[in-house]
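1. fold the stuff below for me.
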Amino acid sequence: MMWPLVFLDEVSLFEPLLLHSSVCSGYLLFLSSTNEEELLEDLSDKLNYLLDVEAYDSKTKFIVFVTNSSTSLHLAKSIFNVAWKIARIVNIVVVVFCYGTYLNDTELAVTRLHEMSLESYIWFPYHDKDCKDVTNVKLIEKKTLDEISNLTRIDYYPLKIPKDFCGCSMKVTPYGIPPYTIVNNYTDANGNEVYEDNGLSSELLKLFAQVYNITLLFRKSPNKFGIVQTANVFLDAVVGNTDFVVGAVVLLPVVTRYVDCSIPLTYESLKILAPCPTQLERVHKMVTIFTPTAWLSIGLVLVFVCCTLWFASSCKKKCDLMN
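-> Numbers count the residues shown, from 1 in each chain. This next block holds a predicted model:
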C-alpha cells in the first residue's frame with residue numbers, strides 16, 4: 001500500500017495546510033543542528049504549527065529523527081520533554097543518528113562506518129514513580145551502520161498505560177450542572193482551600209482512580225455554563241492545567257481533536273432561549289426603523305432645507321426686479 005506523504009520545508013512551514021484528518025496517520029519530524037537549543041526550538045516551532053493544522057491528531061504516532069554527534073540520551077530526554085509540555089504527545093519514538101566527531105568527509109564516510117549508529121528511544125509516562133517528569137527514557141535498539149540491514153522486529157509503540165500510577169496526582173476540573181457535578185469546598189489544616197466533587201461523573205472517576213492508584217486533586221468549577229466557559233475548560237486540558245474534565249461537557253468538534261473523550265454514559269437535552277421575532281407589516285417595519293427622535297430630526301432637516309431653498313429663490317427674484 002502506498003501511503004501519502006506531505007513534506008514541509010522552512011518556506012511552507014507557516015503556510016496554511018488543510019488536510020482531511022484521515023490522511024495524517026502519523027508524523028515524521030526531521031531535526032538537524034549542532035546546537036541543542038536551536039534544535040529544540042525548531043521542534044517547538046513544528047509542534048506549535050501542527051497544533052493549528054486541521055488534520056492534527058495528538059493520539060497518532062510520532063517519529064523524530066535527529067542527527068547528533070553525542071549526548072543522545074540527554075537529547076532524547078529533552079525532545080520528550082518538549083513534546084509532552086507542548087502537545088501532550090506520548091506515542092513518540094526518537095531516533096538519533098550518532099556520527100561522532102571526525103576530521104574530514106572521507107573519514108566520516110569510509111573509515112568510521114562501524115562507529116556510527118542509530119539509537120531508538122521511547123518514553124513511558126507514569127512509570128517507576130516518575131509521574132509527569134520525563135525521566136523514564138529507555139533505549140530499545142542500537143544498531144551501527146554495519147548492522148542496519150539486520151533490524152529486529154521491535155514494538156516501537158507498546159501500550160503505555162500502567163496498571164499502577166504509583167499515587168501520582170492528577171487535576172480534575174468539574175464542569176456542568178447537578179447531578180453531574182456537586183462541588184463542595186473546605187479549608188484544610190494548613191489553611192488551604194480544598195475542593196471536592198461528589199457528582200455522578202466524579203464518582204465514576206474516583207472508582208477508576210482507586211483501581212489504578214491515582215491521587216485526584218479537584219479544581220474550582222467555573223461559575224457559568226456556556227460556550228466560552230466550555231472552550232476555556234478544554235483549553236486548560238490542552239495546555240496541561242488539568243488532566244480530567246468531568247460533568248456535562250459539550251463536545252465541540254473544534255476542541256475534541258486535542259483531547260480524549262470517554263464513552264458517554266448518559267445524554268442530556270438542553271433548551272436554549274432564543275428570540276423569535278414575529279412577522280410585521282411593511283408600514284410598521286418602515287416606521288420602526290428609526291426612533292421617534294430620529295424621525296423628528298429628519299423632518300426638521302427637510303423643513304429647514306425647504307425653507308432655505310424658498311428663501312434663496314425669493315431673494316433672487318427680488319434682486320432681479322430691482323435690477
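2. what's the end-to-end length of stretch 174-184?
-> Stretch 174-184 has its terminal residues 11 Å apart, counting by C-alpha to C-alpha, to the nearest Å.
3. residues touching it, excluding its own?
-> Contact partners of stretch 174-184, identified using C-beta atoms under 8 Å, 6 or more residues apart in numbering, comprise 195-202, 218-222, 225, 229-230, 233, 245-249, 268. All C-beta atoms are positioned from the backbone trio N, CA, C, and that covers glycine.
4. would you mind checking the average pLDDT for it?
-> Stretch 174-184 shows a mean pLDDT of 86.
5. quick one: buried residues of it?
-> 174-176, 180-183 (16 or more other C-beta atoms under 10 Å).
6. can you check stretch 223-233 too?
-> Neighbour-count burial for stretch 223-233 flags 225, 230, 233 (criterion: 16+ other C-beta under 10 Å).
7. may I have it as CSV, with CA atoms only?
-> Taking Å, rounded to 0.1, in the frame of the first residue of the first chain, the C-alpha atoms of stretch 223-233 are listed here in CSV:
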residue,chain,number,x,y,z
ASN,A,223,-19.3,29.7,37.8
LYS,A,224,-21.1,29.8,34.5
PHE,A,225,-22.1,27.2,31.9
GLY,A,226,-21.7,28.3,28.3
ILE,A,227,-19.7,28.1,25.1
VAL,A,228,-16.9,30.4,26.3
GLN,A,229,-16.5,28.6,29.6
THR,A,230,-16.5,25.2,27.7
ALA,A,231,-13.8,26.4,25.4
ASN,A,232,-11.7,27.6,28.4
VAL,A,233,-12.1,24.3,30.2
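8. buried residues in the helix or strand hosting T173?
-> Following DSSP states H and E, one finds T173 within strand 169-175. Within strand 169-175, the residues that count as buried by 16+ other C-beta under 10 Å are 170-175.
9. now render those as TSV, adding distance to I154.
-> Shown next, in TSV, are those (distance: C-beta to C-beta, whole Å):
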residue	distance to I154
M170	30
K171	34
V172	36
T173	38
P174	42
Y175	41
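10. reformat the buried residues of stretch 223-233 as TSV; add distance to K129, secondary structure and pLDDT.
-> TSV is the format used below for the buried residues of stretch 223-233 (distance: C-beta to C-beta, whole Å; DSSP: H, G, I helix; E, B strand; the rest coil; pLDDT from 0 to 100):
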residue	distance to K129	secondary structure	pLDDT
F225	38	coil	77
T230	34	helix	80
V233	29	helix	85
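11. care to break the protein down by domain?
-> For the chain, automatic domain parsing gives the domain ranges 12-150, 169-256.
12. pretty sure S78 sits in a helix.
-> Yes. Applying DSSP: H, G, I helix; E, B strand; the rest coil, one finds S78 inside a helix.
13. how many other residues sit next to L43?
-> 20 (other C-beta atoms under 10 Å).
14. okay, the residue nearest to it when sequence neighbours are not counted: pLDDT?
-> In space, L43 comes closest to V82 once its chain neighbours are excluded; the distance is 5.4 Å by C-beta to C-beta, 6 or more residues apart in numbering. As predicted, V82 sits at a pLDDT of 92.
15. what's the helix or strand for V82?
-> helix 72-87.
16. buried residues in that helix?
-> So, applying 16+ other C-beta under 10 Å, buried residues of helix 72-87: 72, 75-84, 86-87.
17. could you dump these to CSV with distance to L207?
-> Putting the buried residues of helix 72-87 into CSV (distance: C-beta to C-beta, whole Å) gives the following:
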residue, distance to L207
S72, 42
L75, 41
A76, 36
K77, 34
S78, 37
I79, 36
F80, 31
N81, 32
V82, 34
A83, 31
W84, 27
I86, 32
A87, 29
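18. quick one: which of those is nearest D52?
-> Nearest to D52, judged by C-beta to C-beta, of the buried residues of helix 72-87 is A87 at 11.3 Å.
19. ok, the closest one - contacts?
-> Contacts of A87 (C-beta under 8 Å, 6+ apart): 47, 50-51, 58.
20. quick one: the strands in the stretch 151-300 of the chain?
-> For the stretch 151-300 of the chain, the strands defined by DSSP state E, counting those that start in this stretch cover 169-175, 183-187, 193-197, 215-218, 244-247.
21. now those as a markdown table including distance to P292?
-> Listed next are the strands of the stretch 151-300 of the chain as a markdown table, based on distance: least, C-beta to C-beta, whole Å:
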| stretch | distance to P292 |
| --- | --- |
| strand 169-175 | 47 |
| strand 183-187 | 50 |
| strand 193-197 | 54 |
| strand 215-218 | 56 |
| strand 244-247 | 49 |
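22. fine, thanks again, bye for now.
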